[in-house]
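*Asks:* can you look at this prediction? I've put the sequence above it.
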Amino acid sequence: MPKDYIPSNDADFSAWLDNFLTQTEKSKTRFRLNDADLAELGKLATDFQTSITDAQQAQVALDTKIQVKRQARAAIEAATRARVRQIQAAPDITDADRAGLRITLRDATPTRAGAPTSRPIATVDTSERLRHRLDYRDSATPTRRAKPAGVKGCEIYLYVGADAPADPNAFRLLTLDAASPYTVEHNAADIGKTAHYLLRWLSTQDEPGPWSDTIHATITG
């Protein structure tokens, strides 16, 4: 089956469309096009470019709202945990009280959480300029976003270059992220380069799990 002459990527299609409109406008008679044809194409092209701008603005607005939500949750979680510690410290609080509040029951012989045994698996969305959106899941439960039990977050490491190093120590730590997805903002100087990512879970005892496979993605401009 022959390759479609229209690019599937929006940025490539925009460049293709600009050239097509320019060439047909210059030689409309040769290409058997009239003013009405060109006017229709021009309007549809403008609608398309507007839709791209609207989608980009909506994505920025969504990212902002998600960040606000995360900050609001972090604030209420911190305040609630402080109150729970206060309640737990009271000598007359019983397990029945704790069960009613759905807070942790006291364990006379607590067991220590071990290092994670599963690893993150991830995909990278490269559709936005200078931005990679990493969606990661646990290899043991790939259809769910939940972290493994006893894990406080996912360490995300980055290396930008032609080939990914074999040594994970050559990667730099970007973040310890608490919830997927995570958005990476790249520099314009790195357009066209390849970003390589390594991920691993970190337990609540700061013990790392096994590394993910290396994920590769081009930094788009």
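*Replies:* That came through fine. Worth saying up front: this structure is predicted, and the values here are computed from it rather than measured. Residues are numbered from 1 along each chain as shown.
*Asks:* contacting residues for the spatially closest residue to T214 that is not a sequence neighbour?
*Replies:* Closest residue to T214 apart from its sequence neighbours, by Cβ to Cβ, 6 or more residues apart in numbering: A164 at 4.8 Å. (Each C-beta comes from the backbone N, C-alpha and C, glycine too.) By Cβ atoms under 8 Å, 6 or more residues apart in numbering, the contact set of A164 is H196, T214, H216.
*Asks:* filter those residues down to the buried ones, PyMOL style.
*Replies:* Of the contacts of A164, the buried ones can be selected in PyMOL as follows, counting by 16 or more other Cβ atoms under 10 Å:
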select buried, resi 196+214
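*Asks:* and which of the contacts of A164 is nearest to K26?
*Replies:* Relative to K26, the closest of the contacts of A164 is H216; by Cβ to Cβ it sits at 40.9 Å.
*Asks:* can I get the contacts of A164 in CSV with distance to G150, pLDDT and secondary structure?
*Replies:* Below are those laid out as CSV (distance: Cβ to Cβ, whole Å; pLDDT from 0 to 100; DSSP: H, G, I helix; E, B strand; the rest coil):
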residue, distance to G150, pLDDT, secondary structure
H196, 28, 97, strand
T214, 25, 97, coil
H216, 30, 97, strand
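*Asks:* redo the contacts of A164 as TSV? Include distance to P2.
*Replies:* Formatted as TSV, the contacts of A164 follow (distance: Cβ to Cβ, whole Å):
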residue	distance to P2
H196	34
T214	34
H216	29
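*Asks:* which one of the contacts of A164 is nearest T53?
*Replies:* H216 (29.2 Å).
*Asks:* what sits against that closest one?
*Replies:* A164, T194, A195, H196, Y197.
*Asks:* next one: V160
*Replies:* V160 neighbours (Cβ under 8 Å, 6+ apart): H186, D190, K193, T194, A195, H196, I219.
*Asks:* what residues are bridge-paired with it?
*Replies:* Going by DSSP bridges, V160 is paired in beta bridges with A195.
*Asks:* domain parsing for the chain?
*Replies:* 10-59, 66-101, 120-218 (automatic domain parsing).
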